[in-house]
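# got a structure for you, letters missing:
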C-alpha cells in the first residue's frame, strides 16, 4: 500500500481525508494524519460559538471513531519538526520517523502577533484555537471576580477581531476594538459600508477606536493598558490579538521547498510544491502569489490534491479564485462578492444606504449597465445568494440595475425563480456543489427532502450561507416532479400553519391536546408547535394567553417581556399615543413606587422595566385602576397605531388622525396573528406618523384616506404599498379587517405582512381582487370573523388578577413565597439598569 502523510488536522486537512476516502481505490492507500492540537479537527469558522456552550465536541468535524472507521491513523498532540525529502520521511517532536509516498502539508496558519513591546504580559491572548479561548474564559472569570467593570481590548478590526469583540462582551467585559486602519474590515468593505457597520456595532455596545498604532502594552507583570502615543492611552485589563495570520510554513524551510517572499509554500495548479510528491493546501499554500484565508478555496485545494494523487491529472485549480463571502457578524449580515471595490474607469457603482436601519447595499455594474461585477451588503444580505449567482454566471440584469438592491415596494424587482439558474451554477462554494447536482440528487430519488440533499451532496455543511437557496432549489425541484412539498410546522405536525388554521376552524377545536391527538404524529408537542397552535386558537376563538398558559411562549405565559436579568417590562396600552396628564402622573407614580426604569418606546408608549415576576400582578392592578389595560407588547399581536396630531392641532392636518388611530387601535387590540402588527395614521402627506413603514398605514388626502399595506421596519425595512385611494373611514375599516384576516389565515409561522405580501402570487393586484372585488367569495366570512374577534376582546391583565389560579403563576419559586435575591442593578442616568453578566 502507498502511504500518504497529512501534516495538519485542521478543517482543510480533514477535508482532504474526507474527499480521499470517498474515492474509488482509496483502500489501496494508507493515510496517517498528524495534528498538533490535542483534539481531532474542529470547525474554526464557527469558533466563536464555543463561548456560548463551551462544548468543543459540538465543533468537531468528525469524532475520532470516524478516522478509525475509514482506516485513517490519527495522531494528535504531536508536532512535526523536519522533512527529509531524499529519504521521503518526516520526524516528529518525539523523534519518531515516518515514511511517506506522498506528503500533504495542511499546517494552516497562526495568529500574527505584531512586534509590540509588552505582548508577552499576562492577560494578552491570541484568538485562534479552542485552547486560546479556554485561557480567555479563565482569565475573564478571574477579572470579573476582582472588579465589576473590567475592560477587554481587541487588536484588529477585521472579521476575527470583531468576533473576538463579541466574545469579550459575552465574557462580561467592556469591549474595545482597536484598529490600525481608518475603517473596520478594511479588506472587505469600502469606507461607507464600514461606517454603517461601525454604527451598528456601537449601538450594541462595542467601543471602536480607529487609526490607532499601538506603541506598547502597559503594566508590570500583567496588562493594564495600551499606549498609542504620548498622551493617548486606553486602560484595559485584557487584550485579544487578532491582527491577521501568518502561514505555518516552517516545515518547508527544513527541506528547501520554494517559499514566497512574505511566507507561504509556493504551489502550482496541481497543488504540488517544488517537490512533486509534496502537496500544500489551505492557508499554508501560496497560489498565484496569494494566501487564501477562506475555507472554500482550501476545500477546493484539498480536492485537487486528492485527484492528483489518484492520477486524475486533468483536475486543476482554476486560475482565478472567487473570494465572495457572506458572514453573520455579531448578528449583523455582511457580504461581499465579485469586485467589491472598483475604479470608475471600469464601471458604475449604485448605492442604497439607510443609516437609521444600519443598512448599506452597493453593486458595481459594467459601463454599459448590462453586467453585474460585484458588490457589498451590510445589515441585510438576504439577496446575496442570487446576486452572487448573477455575477458568477453572467446572467442578465434589469434595465435599471438599481432594482437589484432597492427595497421591495420602492421599485425593487424580484430576481425571478431559482430554477432559472444554469445547472453549472455553484450554489455551495465550500463543498463545490452545483445547482445541477442538487436537482439531480432529487430527480434520481437519492434525496427526497432538504435533509436528504444535505446528506448526499454535503451542500450547506460549510459556512451555511447557501442554505436558503438550497431549500428553495429542493422545494422547487420537488414541485416540478409533481411531489407535494409538505411544510409541516415540526415533527409533531405534518400540516402547515395554513392547514392547521382550517382544521381548527372547521373542527371547532379549543384546546391544544385536541389538535395534537386528532391531527398530530404523536408525542406531547414542542416549543415550535405549542405557541403556534396557541396563536391559532387565539386568532380563531379570541382566546387569551391565560387559557392554556403552558403552551405559550415565555412572554405570553407571563403577559410581559422578559429582560436579560430575569425581570420583566410592563407596557400599558396608550391608544394612538394620546394620554391625559392624570394618566401620565399615574404612570410616573407607579414607576417610582416600584423603582422601574422608564422609557418612551418607538411606538410612542411608556415602557416600565425591572419588574420582578411577583410584582407584575400588583403593578397591573394599579395600572387598571387608573384606566390602563395590557398593551400586548409581549404578544404576536397588534402593538400600536401611531398617529400625528392631525387636524386637531396641526395647521397642515387634513383629517382627524388621532381619533381614527385610537378607533383602529381599540378595534384590533389583542388580536393574535402570525407576527406582530403595527399601524400608523398621518393627517397629511407630510407623514409624521411614518404610516408607510407600518403593516397598515393611512395618509389623509383631499377626499379621504389613502390606505397602504405591507410595510415594516426592522432588519429588512419595506415601504407599504398603496392599496386604495380617497376612501372613507368605514371603507378603511372594512379593507383592513379583510386584509388582516386573510393574512392570519394564510401566512406562514412568524411571517410579517411584508414578507407574506411579497410571496403572494399576484401580489398587490391579487389582494385587491380578494379584498375589494371578493374574487374568492370569502369577503363576508372575513368580515364576520374579524367582528367576532373584536366583540370578544378581554384584557389579559384583568383576567389574570381576577383569577386565583392564574395568580399562582406569578411566584419566583413554586414552593415558596420568597423573592429572587440574585437580582443586581447598577445606577444609570438617575435611573437603574441590570448589572452586566459575568
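Thanks, I have the structure now. For clarity, every value in this text was computed on a predicted model and none was experimentally measured. Numbering: from 1, shown residues only.

# OK, contacts around residue 337?
Contacts for residue 337 were tallied using CB atoms under 8 Å, 6 or more residues apart in numbering; they are 322, 324-325, 374-375, 384, 387-388, 391. For glycine as for every other residue, the C-beta is placed from the backbone atoms N, C-alpha and C.

# If you count neighbours, what's buried in the helix-or-strand element of the chain with minimal mean pLDDT?
Least confident helix or strand, the chain: strand 325-329 with a mean of 76, by mean pLDDT, DSSP states H and E. Buried residues in strand 325-329, defined by neighbour count with 16 or more other CB atoms under 10 Å: 325-327, 329.

# Could you do stretch 17-33 as well?
17-21, 26, 29, 31-33.

# So which residues make contact with that stretch?
1-6, 9, 13, 62, 67, 70-75, 98, 302-303, 306, 309-310.

# Tell me how far that stretch lies from the chain's centre.
37 Å (CA atoms, centre = their mean, to the nearest Å).

# And residue 25, how far from residue 310?
Separation of residue 25 from residue 310 (CB to CB, to the nearest Å) stands at 7 Å.

# now do residue 406
49 Å.

# that older thread, tell me which two in the buried residues of stretch 17-33 are the farthest apart.
Farthest pair in those (CB to CB) is 19 and 32. Separation: 16.7 Å.

# Below-threshold pLDDT in the stretch 451-600 of the chain: ranges please.
Across the stretch 451-600 of the chain, the ranges flagged by pLDDT under 70 are 463-465, 486.

# actually the chain, not the one I wrote
407-417, 463-465, 486, 714-716, 813-816, 820, 837-838.

# For it, which residue occupies the most central location?
residue 331 (5.0 Å; CA atoms, centre = their mean).

# Please name the nearest non-neighbouring residue to that residue.
residue 204 (7.5 Å; CB to CB, 6 or more residues apart in numbering).

# Just confirm the one you found contacts residue 358, I think it does.
No: Residue 204 lies out of contact with residue 358 (CB atoms under 8 Å); the separation is 9.9 Å.

# neighbour-wise, which of these two wins?
residue 358 (20 against 13; other CB atoms under 10 Å).

# got the contact list for that one?
196-197, 199-200, 203, 332, 378-379 are the contacts of residue 358 under CB under 8 Å, 6+ apart.

# Okay, and which of those map to strands?
332, 378 (DSSP state E).

# what's the most distant pair in the contacts of residue 358?
Among those, 203 and 378 lie farthest apart (CB to CB), at 13.4 Å.

# For the two, indicate the residue with more neighbours.
Taking neighbours as other CB under 10 Å, residue 203 and residue 378 compare with residue 378 leading, 29 against 9.

# Quick check: chain neighbours aside, which residue is closest to that one?
residue 360 (4.2 Å).

# from what I can see that neighbour touches residue 200, true?
No: with contact defined as CB under 8 Å, residue 360 does not reach residue 200; the gap is 9.7 Å.

# count of residues packed around residue 117?
Residues near residue 117, counting by other CB under 10 Å: 12.

# for it, what are its contacts?
Contacts of residue 117 (CB under 8 Å, 6+ apart): 215-217.

# For it, list each beta-bridge partner.
residue 216 (DSSP bridges).

# Distance check, it against residue 219.
For residue 117 relative to residue 219 (CB to CB), the value is 11 Å.

# Please point out which parts of stretch 536-551 sit buried.
536-549, 551.

# And for stretch 565-574?
For stretch 565-574, by 16+ other CB under 10 Å, it's 565, 567-574.

# do the same with stretch 167-177
In stretch 167-177, counting by 16+ other CB under 10 Å, buried: 167-169, 171-177.

# can you check stretch 90-99 too?
In stretch 90-99, counting by 16+ other CB under 10 Å, buried: 90, 92, 98.

# can I get those in TSV with distance to residue 599 and secondary structure?
Output for those, formatted as TSV (distance: CB to CB, whole Å; DSSP: H, G, I helix; E, B strand; the rest coil):
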residue	distance to residue 599	secondary structure
90	64	strand
92	61	strand
98	65	strand
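
# Out of these, which comes closest to residue 52?
When those are compared against residue 52 (criterion: CB to CB), the nearest one is residue 92, at 34.9 Å.

# who are the neighbours in contact with the closest one?
34, 78-81, 98.

# Please spell out the ChimeraX selection for the buried subset of the residues you listed.
This is how ChimeraX selects the buried members of the contacts of residue 92, with burial counted by 16+ other CB under 10 Å:
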select :34,80,98
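
# Can you add distance to residue 460 and give the buried residues of stretch 90-99 back as CSV?
Below are the buried residues of stretch 90-99 laid out as CSV (distance: CB to CB, whole Å):
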residue, distance to residue 460
90, 36
92, 37
98, 36
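
# out of the residues you listed, who's nearest residue 258?
residue 90 (18.6 Å).

# Could you pull out the strands in the stretch 51-200 of the chain for me?
Ranges of strands within the stretch 51-200 of the chain are 72-76, 80-84, 89-92, 97-99, 102-105, 109-111, 124-126, 151-155, 174-178, based on DSSP state E, counting those that start in this stretch.

# Format those strands as a markdown table; extra columns: distance to residue 753.
Below are the strands of the stretch 51-200 of the chain laid out as a markdown table (distance: least, CB to CB, whole Å):
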| stretch | distance to residue 753 |
| --- | --- |
| strand 72-76 | 53 |
| strand 80-84 | 60 |
| strand 89-92 | 63 |
| strand 97-99 | 64 |
| strand 102-105 | 54 |
| strand 109-111 | 47 |
| strand 124-126 | 47 |
| strand 151-155 | 40 |
| strand 174-178 | 36 |
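
# Tell me which of those strands approaches residue 784 most closely.
Across these, closest to residue 784 is strand 174-178 (CB to CB), at 54.8 Å.

# Now for the closest residue in space to residue 597 that isn't next to it in sequence, how many residues are close by?
In this structure, residue 597 finds its nearest non-sequential neighbour in residue 609, 4.0 Å apart by CB to CB, 6+ apart. Using other CB under 10 Å, residue 609 is surrounded by 21 other residues.

# Can you tell me who residue 609 pairs with across the strands?
residue 569, residue 597.

# Hmm, it is touching residue 596, no?
Yes: the criterion here is CB under 8 Å, and residue 609 meets it with residue 596 at 6.0 Å.

# what about the residue nearest to residue 378, which SS state?
strand (DSSP: H, G, I helix; E, B strand; the rest coil).

# give the contact list for it.
192-193, 196-197, 351-354, 376-379.

# what residues are up against the closest residue to residue 122 other than its chain neighbours?
Setting aside the residues directly before and after it, residue 122 is nearest to residue 222 in space (CB to CB, 6+ apart), at 4.0 Å. Each residue near residue 222 by CB under 8 Å, 6+ apart is listed here: 121-123.

# Neighbour-wise, which one of these leads?
residue 123 leads the contacts of residue 222 on contacts (other CB under 10 Å) with 21 neighbours.

# ok, now which ones touch that one?
139, 219, 222-223, 237-239.

# same deal with residue 385?
So residue 385 contacts 326, 427, 465-466, 468-469 (CB under 8 Å, 6+ apart).

# For those residues, which two are the farthest from each other?
Going by CB to CB, the pair spanning those furthest: 326 and 427, at 12.6 Å.

# The contacts of residue 358 into CSV, with extra columns for distance to residue 261?
Converted to CSV, the contacts of residue 358 look like this (distance: CB to CB, whole Å):
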residue, distance to residue 261
196, 36
197, 33
199, 39
200, 38
203, 42
332, 36
378, 34
379, 39
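
# now the strands: where do they sit in the stretch 301-450 of the chain?
So, for the stretch 301-450 of the chain - with DSSP E, counting those that start in this stretch - the strands run 325-329, 332-338, 347-354, 359-366, 372-378, 426-428, 433-434.
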